[in-house]
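Q: Kindly return the folded structure for what I paste below:
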Amino acid sequence: MKKIQFALLALAFAAVACSPASDQDENAALQNIFNRKSVRSYTEQSLSSGQIETLLRAAMSAPSGMNLQPWRFVVVTDAEVRRDLGGLSAKAPAVFVVCGETMMKGRPVQEGAEPPMVPNGNWNADCAAAAENLLLAAEALGLGAVWTACYPYEERMTQARTVLGLPDSVTPYCIIPVGYPAGEEQPKDKWKPENIHYDKW
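A: Take a look at the predicted model:
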C-alpha cells in the first residue's frame, strides 16, 4: 500500500513540475508590469555582475524586426564616467546606455560580394523594446530604474557620444540608471479607457 502511495505522490509531483505556468505565475508577470515605476533616488549599494548580466539578458530577449538585433549596450559603473554623463546617472551605481546600430549589413548585390551597409530604419523601435525589458527586469529583481531620454535630442546624444566614445554608426537611444531604491516610489495608474478604440476609430 505504501509503495502505491509513494508512486501516486511521485506522479503528482511530476505532473506539477511538467505543467504549464500556473495562474499565480501569470499573475506574477502581470503584477511586475503593473508595479514598474520610475525610481530616481538610489542607495550606494552596488549591483552584482550577475544582476547586470540578468538585466542585459532580459534586454536582449526583446522582439526585433527581422531579428536584426541592432541594440548595443554600454554599462557604466565608473563614478567619473557616470558623473560625466550627467543627470541621474551620477546618482545610480550602474547606468545602462541603450544604443542602436543605425547602419546594418544588407543583402549582397551578387553572390560572394561583400554585403553593403544599409540604413536600419527600425533600430529605435527595437531599442525601445529592449529598454522596456530591462526596466521590467529591474523591477523583478527589486531594483529601481528610470528611462531618461537621449534620442532624438541632439545635445544629449552628443554628450553621450563624447563621454562614451561611440562610433558614428551607433546612436545612443536612452540612458537607464539602475540601483537599489532609496525611497518608496509607487507605480502610476495609467489606465485610460478613453484612449482605446475597438474595430474602428
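
Q: what are the phi and psi angles of Val118?
A: phi -130, psi 150 (degrees, to the nearest 10).

Q: Now do the same contact list for it.
A: Met103, Met104, Lys105, Gly106 (Cβ atoms under 8 Å, 6 or more residues apart in numbering). For glycine as for every other residue, the C-beta is placed from the backbone atoms N, C-alpha and C.

Q: Tell me who's in contact with the closest residue to Ala62 other than its chain neighbours.
A: Leaving aside its sequence neighbours, Ala62 sits nearest to Ala129 (Cβ to Cβ, 6 or more residues apart in numbering; 3.8 Å). Residues near Ala129 by Cβ under 8 Å, 6+ apart: Ala62, Pro63, Ser64.

Q: Show the subsequent helix or strand relative to the lowest-mean-pLDDT helix or strand in the chain.
A: Of the helices and strands making up the chain, the lowest-confidence element is helix 2-18, at a mean of 39, by mean pLDDT, DSSP states H and E. Going down the chain from helix 2-18, the next helix or strand is helix 23-35, by DSSP states H and E.

Q: which other residues reach that following helix?
A: Leu136, Glu139, Ala140, Pro187.

Q: Model confidence for Met1, exactly?
A: At Met1, the pLDDT value in this model is 45.
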